[in-house]
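Chemist: Got a sequence here, can you model it:
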Amino acid sequence: MSAVSRHLSGKSVGRKKCGKKRCTTRRGDRTLRKIVEKDRFQTLGDLRKQWTESGVETSRATVHRRVLLNQKQRQKRLTWATEKQHWTVAQWSKVLFSDESKFCMSFGNQGARVWRKTGEKEMPKCLKSSVKYPQSVMVWGAMSAAGVGPLCFIKGRVNAASYQEILEHFMLPSAEKLYGDEDFVFQHDLAPAHSAKTTGKWFTDHGITVLNWPANSPDLNPIENLWDIVKRKLRDARPNTLDELKAAIEASWASITPQQCHRLIASMPRRIEAVISAKGFPTKY
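Modeler: Prediction:
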């Protein structure tokens, strides 16, 4: 009642901004970036410890949020989520989600985590030498609310030309299988091969609408959850050769049901709300 009274009397005009106060300063954020750049392979606990020693007392969750996304990327995620806030599950069911994922022979040790942003993949500070590299394969896949499409095992590095071959021989069959003659919207991230001008022309020539997508947003892509499911199943298979690894991946992918896919697509409105609540920061998804 007091708040209503103040509003009617005009006393609420010019009041200070409400909401939780930001727990770190811009200077503190710059300090964290310097700590990360010294050693990209530190654990989240190590980063928090060094940041605390520099005078910034905060939680592990805050450290995680500050490292992965810069302010511009967070704002783009928030803007994107706000634009999609009122999309229904039926609308999300029209989206064909896609992604690439790497599968290694050594599932017990997936290697050290490196803290890096888009475009820093090949930086020397983001690379760590190893005595022995486990054999691995890169896989492309797509999914919708109706199920999954055929997998593509990628040979070599993906450039615009090879990516368009994947679209031609695997994305189009996936769309045919999952949508038939119905219209759909295609989703992929902002990898260089995906955002190349020739790739954009390929979509235009084929009359396919591409969903705009914010950078560094795996938490918004439900196919990431499918990759996790496949990798968990592979821990039990324990393949010994690349052929066995590929066969195990295909078998695990084929076991994914339309019901699982539909549940993941149905989570999209919740993912959107989570991004808005987090003001663009990474979410639990």
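Chemist: so who does the residue nearest to residue 171 when sequence neighbours are not counted touch?
Modeler: In space, and not counting its chain neighbours, residue 171 is closest to residue 142: 6.1 Å by CB to CB, 6 or more residues apart in numbering. The way it works is simple: take the backbone N, C-alpha and C, and place the C-beta from them, glycine included. With contact set as CB atoms under 8 Å, 6 or more residues apart in numbering, residue 142 has these partners: 96-98, 148-149, 170-171, 174-175, 178, 223.
Chemist: those strands in the stretch 151-285 of the chain, which residues are they?
Modeler: Here the stretch 151-285 of the chain has its strands, by DSSP state E, counting those that start in this stretch, at 152-154, 185-187, 209-210.
Chemist: Deepest in the core, which of those is it.
Modeler: strand 185-187 (a mean of 19; mean count of other CB atoms under 10 Å).
Chemist: what residue ranges in the stretch 101-250 of the chain are flagged as low confidence?
Modeler: Counting by pLDDT under 70, the stretch 101-250 of the chain has low-confidence residues at 106-113, 118-119, 122, 128-134.
Chemist: that older thread, buried only: go through the contacts of residue 142 for me.
Modeler: Among the contacts of residue 142, those classed as buried by neighbour count (16 or more other CB atoms under 10 Å) are 96-98, 148-149, 170-171, 174-175, 178, 223.
Chemist: nearest to residue 76, of these?
Modeler: residue 97 (18.9 Å; CB to CB).
Chemist: And the closest one, how close does it get to residue 200?
Modeler: 19 Å (CB to CB, to the nearest Å).
Chemist: go on, residue 170?
Modeler: Plainly put, residue 170 is 19 Å away from residue 200 if you go by CB to CB.
Chemist: Now do the buried residues in stretch 210-221.
Modeler: For stretch 210-221, using 16+ other CB under 10 Å, the buried residues are 211, 213-217, 219-221.
Chemist: bridging residues for the nearest residue to residue 209 once chain neighbours are set aside?
Modeler: Counting by CB to CB, 6+ apart, residue 185 is the residue found nearest to residue 209 once chain neighbours are left out, at 4.9 Å. Beta-bridge partners of residue 185, counted by DSSP bridges, are residue 95, residue 209.
Chemist: dump the residue contacts of residue 94.
Modeler: 182-185.
Chemist: Repeat the analysis, applying 6 Å as the threshold.
Modeler: Contacts for residue 94 were tallied using CB atoms under 6 Å, 6 or more residues apart in numbering; they are 184-185.
Chemist: swap in residue 84?
Modeler: Residue 84 neighbours (CB under 6 Å, 6+ apart): residue 272.
Chemist: Next, find the distance separating the residue minimising distance to the centre of the chain from residue 250.
Modeler: In the chain, the C-alpha nearest the mean C-alpha coordinate belongs to residue 218, at 0.8 Å (CA atoms, centre = their mean). Per CB to CB, residue 218 is found 23 Å from residue 250.
Chemist: what about the residue lying closest to residue 48 once chain neighbours are set aside, distance to residue 220?
Modeler: The shortest distance from residue 48 to any non-neighbouring residue, by CB to CB, 6+ apart, is to residue 63 (4.8 Å). Distance from residue 63 to residue 220, counting by CB to CB: 21 Å.
Chemist: How about residue 253?
Modeler: Taking CB to CB, one finds residue 253 at 21 Å from residue 220.
Chemist: what do you get for residue 282?
Modeler: 10 Å.
Chemist: just residue 184 next, same as before
Modeler: In terms of CB to CB, residue 184 sits 18 Å off from residue 220.
Chemist: can you check residue 84 too?
Modeler: 9 Å.
Chemist: And for residue 208?
Modeler: In terms of CB to CB, residue 208 sits 20 Å off from residue 220.
Chemist: I'd say the residue nearest to the centre of the chain and residue 224 touch.
Modeler: Yes: applying CB atoms under 6 Å, one finds residue 218 in contact with residue 224, separated by 4.9 Å.
Chemist: Does residue 141 lie in a helix or a strand, and which?
Modeler: strand 136-144 (DSSP states H and E).
Chemist: partners of that strand in the sheet?
Modeler: strand 95-104 (antiparallel), strand 147-148 (antiparallel), strand 152-154 (antiparallel).
Chemist: What are the buried residues along it?
Modeler: 137, 139-144.
Chemist: Among the residues you listed, which one sits closest to residue 193?
Modeler: The closest of the buried residues of strand 136-144, once distances to residue 193 are taken by CB to CB, is residue 140, at 10.8 Å.
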